[in-house]
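Engineer: Only the shape, not the letters, is given here:
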């Protein structure tokens, strides 16, 4: 089903909003809400959907563990697009309820973590329950006989399930945002656009001192800017980490290609996660790049080397 | 209450096991179970407990977000001890139940994540509910009229709440472990033992290219080995991270002291999180240290410099 | 003889010009011309002169081997001042001679090397003879029955020995200059002026891979700018080098002091050659310094560390 | 004259010994002694000789300035072979003379520098004269009416000019050696042998802070070991240096090729000086190489990258 898009459901999640931003042309019939991040990966792997959308990292909570775990350890899928969605939380309840009535709140753990301050001020005595998504919380609150009085969720979810907003903008951080990625089965990456990002996971060699500094060096000497470096446990015991890296540029670029080959040599393992257009078209980091690291510079240097090897000094 | 110890409760958590390992002399009366990690921090900050114990990181899930957030952004507390506790998960239910009867399982999100494989094989259709701790799950299951049929928790919790074990060792990773830390109000760190660890958070300067490599360099040139480098979002928007660092050695050591001064100069901010005895007494990383980086080497170099400055060449 | 100054003679050398620039107050009676660089070192070591002046490096030929060898391997002397002298070469002969008459030219090997182009154009068939100094060449040409017809030397030398200038400005590089240093017996270095230089020799450890990069790092992490790095053979066989380093700053500065202690630890040996006022008062290199590396920044970081160690977090 | 070999003459120089070691098959008729290093370069450039041999560096005195200057600034020639020759100095005089009779000694400046200790002990009052080569010194002493009483030279030279040895092994360093190189007109380098060396000159960018560390990094990340790094003044004023580099490996190797492309990008200019078999077949430096830097590793990484770019993840 190449035209079907799996996403972290149910209907009304921030992920659905991300998917609609990435795929504005998609009709409702083509959207496949899934019960969990794992289910989205599964649907794409089995070909039940041509692509899937999941949250990757949040500006408050950091990387989304399940997504990271699937990308790192699961059967390979490639990231083929990304989008950043501002996260605005709203407290929704059934019609007629007031904030004072709220005793039991349902939401996703990430949402809970991001509304901690508001909750401790306005609902210090309410019981908090975590469910699989903010939309599921809204859905559950809407059910007759729900064990919950209110849900913290996206506006789209509250509205879709016919709830009333009690308070909006209740997140601790006004500028909170979540980065979502589109996953596809392995294949050639999307063509370079000139403003791309490359993601990968590097497993450093344990018995190789200074391995992390070496990893950074492999990018630095080619003038490749890193926009993210996140450690994740490998799962093999305390003190063992792998590193999720986002870098500016496309695997088709000479600079990125050379850096990847360098990692391949120094790491125990490298998993390529994809090259795709950056959500923010201009670089927000202004790195101190070694001189002359454009694609043209790399091509010129290659020609110069060819001349030397051929004796055309 | 200097002799009281707060910990992430309720009774029966892995945290209680960690606290008992750290403080074998503590009587039950001195233990203060708290409803959340935040509550432990609060009890110590307000002086209701002389120290507190919380989980810091897990070998499968990584850093514990709430603990990290409190250490990074909350009012300062110092880490004064650490312990690593093996994590073994058991499925507990009320007497008489069998695995086939389990429709609704309660546990902590981290435990859920770590038992995913076993659950998908043995309880593929069960509903999963996350609560504030594995012990709370056990407690809840033990209540008459509980909405849950079973809890995934530590053996100590299941036994304390009078439940029966249905299956043990159900974690995906046999060697899973969690690292717990003891928190104290600011003051002089525990005396060096010769096998210590120092923790800190470094906020890199945004407009300082190569800042992460510079951070690693400040440790490397003094021969200070890092045992952990974990990025955390600063909360100021996507793409902004700070770095939680664990290093071998004590802040009283010349090498660690000099490295910290170096960070102080190059970073926007550095928060010292404590120097304390390592849980594993021998180094498990064998770093490639610059020659002669013992305390004695640093003292000898200081004397040599003093001679030069005084004209005793 | 504390008020006597030894220098590379005979009278009329560029070194005499350097000495007069460094010590304008010195009377002629206090000047001790020596027959070689070694002799200057010897006179200072034995106390026959309070200080000595020798050439250290030339902008065309590089380091002066004998000076470097004495500084590296001889009994220790300290550099206590420096001066850069422009090098202008003139061809001098006895009265009445013309360029066409010149068959045998005497000069110092460095001068010869720096006038190669002019000589090959104007005196392609003349025989070149090297003597111990350009002034010695002038002196020799002035002797009756001299085997030489002309000398390449400084104007001051030709005039002092009563010769006539045949051609001036004959050096290949108009901007050539030589850096001279003043040597003193070991003792406290001159007080910091705010624009100082520190010189040293570092012997890297053979069995320490990446030792040169480590050396550079020890300066870089403290924001100490290097203005010169010159390899010299250690004399222990092909492929074995030590490195002569000039750095901005004074050994009394925290940054330079810390860097020196670092070298002391990682090197087989470090010889301190002195801290002294820079000849060029403003920095001609604009290095990319780590943030906040002023003396005040170092002091602030030291106070911060003291607070942490004392528990004043 | 492709079969003719120019060398730094006259007959009897250490350079002739080096040439005979490099070209044992050459007949006497094919050897072209030249009056200076410049003349050797000129003869090869003009095609009067197919190759030339000159000294490059000495284990006591360091780089030979004229050779370095020609390689750096002259019309390009390539190094196509190297050989290391032990340097043993002998004092030769005309028949019947004794050490006590020697008043005036002739030799090359490098030889003079390397026999300083012996001379100061045994001939403290003798006058030292420097000439263009040690063989020229022997030749001159052999002439009737020579101004010199003795020559310091190679045994081969003293014997060729019919002199008698007064003292042998008079060098300060028993293990002294000189490295000679064979020069050829530009063309494809000799085929890789598996134990090769690559020489080049790098002109760092003035306005590029940390440029020297970047240069070292370009080699380090590809696991290319440097065996020599010698600074030379660019001639453009004090404080301006270029760096002569010898590295293990051949320009045809992936690692060396990539490193050279890196230098090409970050340097103002790079001059390739040649790839040629190492004189010492086994590495005398045991570098700390990044893991997996053999040619096979580079090829494997290239195939892996090709797979990724083609979508064969």
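Structural biologist: Now that the structure is in, tell me what you want to look at. Being a predicted model, the structure only gives us computed values, none of them experimental.
Engineer: What is the strand or helix carrying residue A:167 packed up against?
Structural biologist: Using DSSP states H and E, residue A:167 sits in strand A:164-168. Other elements packing on strand A:164-168 under the criterion 3 or more CB pairs under 8 Å, 6 or more residues apart in numbering or on different chains; DSSP states H and E are strand A:90-93, helix A:155-160. The way it works is simple: take the backbone N, C-alpha and C, and place the C-beta from them, glycine included.
Engineer: Now tell me which of these the model trusts least on average.
Structural biologist: Looking at the helices and strands packed on strand A:164-168, the lowest mean pLDDT belongs to helix A:155-160 (a mean of 92).
Engineer: ok so, going back, work out the gap between the strand holding residue A:167 and the centre of the chain.
Structural biologist: Relative to the chain's own centre, strand A:164-168 is displaced by 28 Å; criterion: CA atoms, centre = their mean, to the nearest Å.
Engineer: before we move on, what about stretch A:270-284?
Structural biologist: From the chain centre to the centre of stretch A:270-284 is a distance of 11 Å (CA atoms, centre = their mean).
Engineer: for stretch A:185-204, same thing?
Structural biologist: Worked out by CA atoms, centre = their mean, stretch A:185-204 lies 14 Å from the chain centre.
Engineer: rewinding a little: right, so the helices and strands packed on strand A:164-168: which one is the most enclosed?
Structural biologist: Comparing these by mean neighbour count (mean count of other CB atoms under 10 Å in any protein chain shown), strand A:90-93 comes out on top with a mean of 26.
Engineer: Name the strands paired with that strand and say parallel or antiparallel.
Structural biologist: Strand A:90-93 has its sheet partners listed here by DSSP bridges as strand A:150-153 (antiparallel), strand A:164-168 (antiparallel).
Engineer: before we move on, back to that, how about JSON lines for the helices and strands packed on strand A:164-168, with distance to residue A:253 added?
Structural biologist: Formatted as JSON lines, these follow (distance: least, CB to CB, whole Å):
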{"stretch": "strand A:90-93", "distance to residue A:253": "42"}
{"stretch": "helix A:155-160", "distance to residue A:253": "37"}
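Engineer: I'd like to know which of the ones you listed is closest to residue B:6.
Structural biologist: Set against residue B:6 and scored by CB to CB, the helices and strands packed on strand A:164-168 come closest in strand A:90-93, at 30.0 Å.
Engineer: distance between that closest one and the chain's centre?
Structural biologist: For strand A:90-93, the distance to the chain centre is 25 Å (CA atoms, centre = their mean).
Engineer: What mean pLDDT does the very next helix or strand once past it get?
Structural biologist: As assigned by DSSP H and E, the chain's next helix or strand after strand A:90-93 is strand A:104-107. The predicted model assigns strand A:104-107 a mean pLDDT of 95.
Engineer: Can you tell me the strand partners of strand A:104-107 and which way each runs?
Structural biologist: By DSSP bridges, strand A:104-107 pairs with strand A:127-130 (parallel), strand A:150-153 (parallel).
Engineer: What lies in contact with the next helix-or-strand element following it?
Structural biologist: The element immediately downstream of strand A:104-107 (helix or strand, assigned by DSSP H and E) is helix A:109-114. Applying CB atoms under 8 Å, 6 or more residues apart in numbering or on different chains, the contact partners of helix A:109-114 are A:58, A:60-61, A:64, A:87, A:89, A:119, A:128, A:130, A:134, A:137, A:152-153, A:171-173, A:176, B:65-66, B:69, B:109, B:130.
Engineer: filter the residues you listed to the buried ones?
Structural biologist: Among those, those classed as buried by 16 or more other CB atoms under 10 Å in any protein chain shown are A:58, A:60-61, A:64, A:87, A:89, A:119, A:128, A:130, A:134, A:137, A:152-153, A:171, A:173, A:176, B:65-66, B:69, B:109, B:130.
Engineer: Just list the residues touching residue A:212, thanks.
Structural biologist: Residue A:212 neighbours (CB under 8 Å, 6+ apart): A:204, A:243, B:216, B:226, B:229.
Engineer: wait, which of the residues you listed is closest to residue C:29?
Structural biologist: Looking across the contacts of residue A:212 and measuring by CB to CB, the closest to residue C:29 is residue B:216, at 59.7 Å.
Engineer: At the geometric centre of chain A, which residue do we find?
Structural biologist: Geometric centre of chain A, nearest residue: residue A:56, 1.8 Å, by CA atoms, centre = their mean.
Engineer: Given the helix or strand hosting that one, what are its sheet partners and their directions?
Structural biologist: If you go by DSSP H and E, residue A:56 is part of strand A:51-58. Strand pairing for strand A:51-58, using DSSP bridges, gives strand A:5-8 (parallel), strand A:62-63 (antiparallel), strand A:177-184 (antiparallel).
Engineer: Figure out which of those strands is closest to residue A:36.
Structural biologist: Nearest to residue A:36, of all those, is strand A:5-8, at 7.1 Å by CB to CB.
Engineer: List the beta-bridge partners for residue A:32.
Structural biologist: residue A:6.
Engineer: Is it in contact with residue A:3, as I believe?
Structural biologist: No. If you go by CB atoms under 8 Å, residue A:32 and residue A:3 don't touch, sitting 10.7 Å apart.
Engineer: Name the residue in the two with the higher neighbour count.
Structural biologist: residue A:32 (19 against 13; other CB atoms under 10 Å in any protein chain shown).
Engineer: show me the residues around that one that make contact.
Structural biologist: Counted by CB under 8 Å, 6+ apart, residue A:32 has contacts A:4, A:5, A:6, A:7, A:9, A:43, A:48, A:49.
Engineer: Please repeat the previous calculation with a cut-off of 7 Å.
Structural biologist: Residues in contact with residue A:32 (CB atoms under 7 Å, 6 or more residues apart in numbering or on different chains) are A:4, A:5, A:6, A:43, A:49.
Engineer: so the first one touches residue A:49, yeah?
Structural biologist: Which is residue A:4. Yes. Here residue A:4 reaches residue A:49: they are 4.5 Å apart, a contact under CB atoms under 7 Å.
Engineer: more crowded one of those two?
Structural biologist: residue A:49 (26 against 18).
Engineer: Who are the contact partners of the more buried one?
Structural biologist: Each residue near residue A:49 by CB under 7 Å, 6+ apart is listed here: A:1, A:4, A:5, A:6, A:32, A:43.
Engineer: Give the helix, strand or coil label for it.
Structural biologist: For residue A:49, the assignment made with DSSP: H, G, I helix; E, B strand; the rest coil gives coil.
Engineer: Give me the pLDDT for it.
Structural biologist: Here the pLDDT value assigned to residue A:49 is 97.
Engineer: Residue A:193: how many residues sit nearby?
Structural biologist: 12.
Engineer: Phi and psi next, for it.
Structural biologist: Here is the backbone geometry of residue A:193 (degrees, to the nearest 10): phi -110, psi -10.
Engineer: right, and it touches residue A:277 too?
Structural biologist: Yes. Using CB under 7 Å, residue A:193 is in contact with residue A:277, at 4.8 Å.
Engineer: Quick one: end-to-end distance for stretch A:22-38.
Structural biologist: Length of stretch A:22-38, first residue to last, CA to CA, to the nearest Å: 20 Å.
Engineer: mean confidence score for that stretch?
Structural biologist: The average pLDDT within stretch A:22-38 is 91.
Engineer: May I see the buried residues of the helix of greatest length in chain A?
Structural biologist: Counting by DSSP state H, the longest helix found in chain A is helix A:295-309. Judged by neighbour count using 16+ other CB under 10 Å, the buried positions of helix A:295-309 are A:295, A:297, A:298, A:301, A:304, A:305, A:308, A:309.
Engineer: got it, and stretch A:221-236?
Structural biologist: So, applying 16+ other CB under 10 Å, buried residues of stretch A:221-236: A:221-235.
Engineer: For that stretch, give me every contacting residue.
Structural biologist: Applying CB under 7 Å, 6+ apart, the contact partners of stretch A:221-236 are A:63, A:68, A:72, A:197, A:203, A:219, A:240-249, A:255-256, A:258-259, A:285, A:287, A:289-290, A:293, B:59-60, B:62, B:173, B:212, B:229-231, B:239, D:217-218, D:221, D:262.
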